[in-house]
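1. All I have is the shape, not the residue letters:
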């Protein structure tokens, strides 16, 4: 039996908006699974249901063999949860926060002392343990929370956006801690993130979630292999050049896909609308899905559908073309020569490997980072960052 | 849903309240100082103008009421602090632990009652030093009785605070709470003037104020049963009302807290 088994889990906060829409998946023991998706995709809601904080409207799940509906206490003992927003008592010291947690989980004095020492070492906070948490930097607070989540030796650890609002260096060190505890403690981890590079680096498998549904679940490499080859980005002098050059490229059979850079499909506008009239957005999304279902020939394999929808992430650019092709480095001279012959002026050529950003965009049709427009998100980010800046860092 | 009670969880939440109280020195000092101002300025200043009430001087008359004020404000605010626990996220840490909400809130109520009572004891000592009470053996036993009464009064008002804190979702409502709940409860509790002489409408309002009975009880404990300044009810009725209010508020606070969204 897998450590986590989720069946048809559903949650709606009002009739029209399904926050989580019948998702199913399972996680093996010792695995790190990443939930990747923009804010509002249903990641935190799913974790809240799995941790018995929220009661699902449908479906269920088992964690470490315990059902979330019928054995909530056993589930709570089996999990550690590091929430997205800080949940430390800043008026207490680091050690006192851990001690409080140990007592809540019914650990006796000796066990508490020994484990507190152990988890403090694991996250390298031993020398700051007796300082008040209000003097900690953002990264130290995060590490303390991770240590706390491990104190009762959970089988499963939930990390909700573990590095949100942290600087790149601190983020890197949190990543190393997560990997280390996964290896040393054999703890199964579900983490949510909207940083594709974080999911790529940490996770054994990635579950892309959008509008409360599982879009795809696979290993980072398998996901990237869906975009076989290299991405070559061409920038032209003007849009007219694209119109002239594109037909020539289309004749080359070694180019798998030609695409203009994603025109940024108005996620910000959509999220604004989501706040004012969620029904409308939902019905738009539903309509879009039915249209897609109707128009795509039923015989298409999953990969064929995927290839049809390939898009590339990057700056919005009307004078650019993105190509997906094999052996990109060797083909560049050929492309340049072709441009010269056609008397088209190329301003720049760029070669890169496909990233999870491209995969995400291709499977969901939207850019993962285009949700900066959300007001609530902005406020939260500010709050976290302000706290993160608080005091001198000692990472 | 059945909610088993865990002694360990009650204890740890209780412990946290004490620790936080102990460390918030500024809060302790400012509330003690506030009560001293009341006693010194009103008790001595207004007292010299008003003279005696019944058979005690004005300072003695006011002292149990001012102690009651410390109890009232201390306990309601520590109950309402569930809002801050929620705001600053710590509530989630408690909610995801394998303990019932009932245990958490009972710990909170016990902790709040203990800290507010400590505050009350400090005020009791301060008032004694200022000469509010006649030294006697009866005063010593009365003081112990008063401490028991303080625990009863405060746990009820922490319950009220929890009930309010679980219903209100933002702490901008704090100002409203202070103006429309705390101050009326305090001023109608008979701290400044005896109920007999007040207009009828005011008397009715005072009788509806649970804190009125608390102050009566404290007055009975600290000034002695023989004084003529006690209101229309004896200590037994006051005690009954205090216990009834206590049970009602702890029940209400627990119920509303267990239903609240985190």
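-> That came through fine. Fair warning: this is a prediction, and the values are worked out from it, not measured in the lab. Residues are numbered from 1 along each chain as shown, chains lettered A, B, ... in the order given.
2. Return the residues in contact with residue 238.
-> Since no chain was named, I'll use chain A. Going by C-beta atoms under 8 Å, 6 or more residues apart in numbering or on different chains, residue A:238 touches residue A:319. Yep, even glycine has a C-beta here, placed from its N, CA and C like the rest.
3. not quite, I wanted chain B
-> Per C-beta under 8 Å, 6+ apart, neighbours of residue B:238: B:213-214, B:216-217, B:220.
4. Checking my notes, it in a strand, right?
-> No: Residue B:238: not assigned to a strand; according to DSSP: H, G, I helix; E, B strand; the rest coil it is helix.
5. Relative to residue B:220, how far out is it?
-> Separation of residue B:238 from residue B:220 (C-beta to C-beta, to the nearest Å): 7 Å.
6. How many residues are close by residue A:308?
-> Residues lying near residue A:308 (other C-beta atoms under 10 Å in any protein chain shown) number 12.
7. As a quick check, tell me the outermost residue of chain A.
-> Taking C-alpha atoms, centre = their mean, the residue of chain A most remote from its mean C-alpha position is residue A:341, at 44.1 Å.
8. Distance of that one relative to residue A:258?
-> Per C-beta to C-beta, residue A:341 is found 18 Å from residue A:258.
9. What parts of the stretch 51-200 of chain B come near chain A?
-> B:88-99 (C-beta under 8 Å from any C-beta of the partner chain).
10. Pick out the one among those residues with the largest number of neighbours.
-> Result: residue B:99 is most packed of those (other C-beta under 10 Å), 26 neighbours.
11. Does the spatially closest residue to it that is not a sequence neighbour belong to a helix, a strand or coil?
-> Closest residue in space to residue B:99, ignoring its immediate chain neighbours: residue B:9 at 3.8 Å, by C-beta to C-beta, 6 or more residues apart in numbering or on different chains. Per three-state DSSP, the local secondary structure of residue B:9 is helix.
12. Hmm, residue B:9 is touching residue B:104, no?
-> Yes: counting by C-beta atoms under 8 Å, residue B:104 is a contact partner of residue B:9 at 6.4 Å.
13. re earlier: buried ones among the contacts of residue B:238?
-> B:213-214, B:216-217, B:220 (16 or more other C-beta atoms under 10 Å in any protein chain shown).
14. what about the residue lying closest to residue B:57 once chain neighbours are set aside, which helix or strand?
-> Nearest non-adjacent residue to residue B:57, counting by C-beta to C-beta, 6+ apart: residue B:47, 6.0 Å away. Applying DSSP states H and E as the criterion places residue B:47 in helix B:47-50.
15. any idea which helix or strand comes after that helix?
-> Helix B:47-50 is succeeded, C-terminally, by helix B:58-80 (DSSP H and E).
16. Skip ahead from the lowest-mean-pLDDT helix or strand in chain B and say which helix or strand is next.
-> Within chain B, judged by mean pLDDT, DSSP states H and E, the helix or strand with the poorest mean is helix B:174-177; its value is a mean of 82. Sequence-wise, the next helix or strand downstream of helix B:174-177 (DSSP H and E) is helix B:183-187.
17. from the middle of its chain, how far away would the helix or strand just after that next one be?
-> Sequence-wise, the next helix or strand downstream of helix B:183-187 (DSSP H and E) is helix B:200-207. Here helix B:200-207 is found 21 Å from its chain centre; the criterion is C-alpha atoms, centre = their mean, to the nearest Å.
18. Could you give me the buried positions within helix B:200-207?
-> B:203, B:206-207.
19. Stretch B:28-47 too?
-> Judged by neighbour count using 16+ other C-beta under 10 Å, the buried positions of stretch B:28-47 are B:28, B:31-32, B:35-36, B:38-39, B:42-43, B:47.
20. Just the closest of the residues you listed to chain A, please.
-> Nearest to chain A among the buried residues of stretch B:28-47: residue B:28, at 13.9 Å, using C-beta to the nearest C-beta.
21. What's the per-residue pLDDT of the closest one here?
-> Per-residue pLDDT puts residue B:28 at 86.
22. Would you mind getting the angle between the one helix or strand it maps to and helix B:58-80?
-> For residue B:28, the element it lies in under DSSP H and E is helix B:25-37. Interaxial angle, helix B:25-37 versus helix B:58-80 (axes from the mean of the first three to the mean of the last three C-alpha atoms, to 10 degrees): 150 degrees.
23. domains for chain A, by residue range?
-> Listed domain ranges for chain A are A:4-223, A:226-294+A:301-380 (source: automatic domain parsing).
24. just so I know, which of the ones you listed lies nearest residue B:118?
-> Counting by C-beta to C-beta, residue B:118 lies closest to domain A:4-223 out of those; the figure is 17.5 Å.
25. mind checking the end-to-end distance for the closest one?
-> Terminal residues of domain A:4-223 lie 22 Å apart, using C-alpha to C-alpha, to the nearest Å.
26. Mind checking the pLDDT average for it?
-> For domain A:4-223, the mean pLDDT works out to 91.
27. which non-adjacent residue is nearest residue A:76?
-> residue B:98 (3.9 Å).
28. So that neighbour, which state does it fall into?
-> From three-state DSSP, the assignment for residue B:98 is coil.
29. now residue B:238: how far from chain A?
-> From residue B:238 across to chain A, the span is 37 Å (C-beta to the nearest C-beta, to the nearest Å).
30. Isn't residue A:60 up against residue A:10?
-> No: using C-beta under 8 Å as the test, residue A:60 is too far from residue A:10 to be in contact (10.0 Å).
31. Mind telling me what element residue A:22 is part of?
-> Counting by DSSP H and E, residue A:22 is part of strand A:17-27.
32. in that strand, what counts as buried?
-> Using 16+ other C-beta under 10 Å as the test for burial, strand A:17-27 gives A:17-21, A:23, A:25-27.
33. about what we covered before: Throw the contacts of residue B:238 into a markdown table and include secondary structure, thanks.
-> Listed next are those as a markdown table, based on three-state DSSP:
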| residue | secondary structure |
| --- | --- |
| B:213 | helix |
| B:214 | helix |
| B:216 | helix |
| B:217 | helix |
| B:220 | helix |
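34. Return the member of those nearest to chain A.
-> Of the contacts of residue B:238, the one sitting nearest to chain A (C-beta to the nearest C-beta) turns out to be residue B:214, at 29.4 Å.
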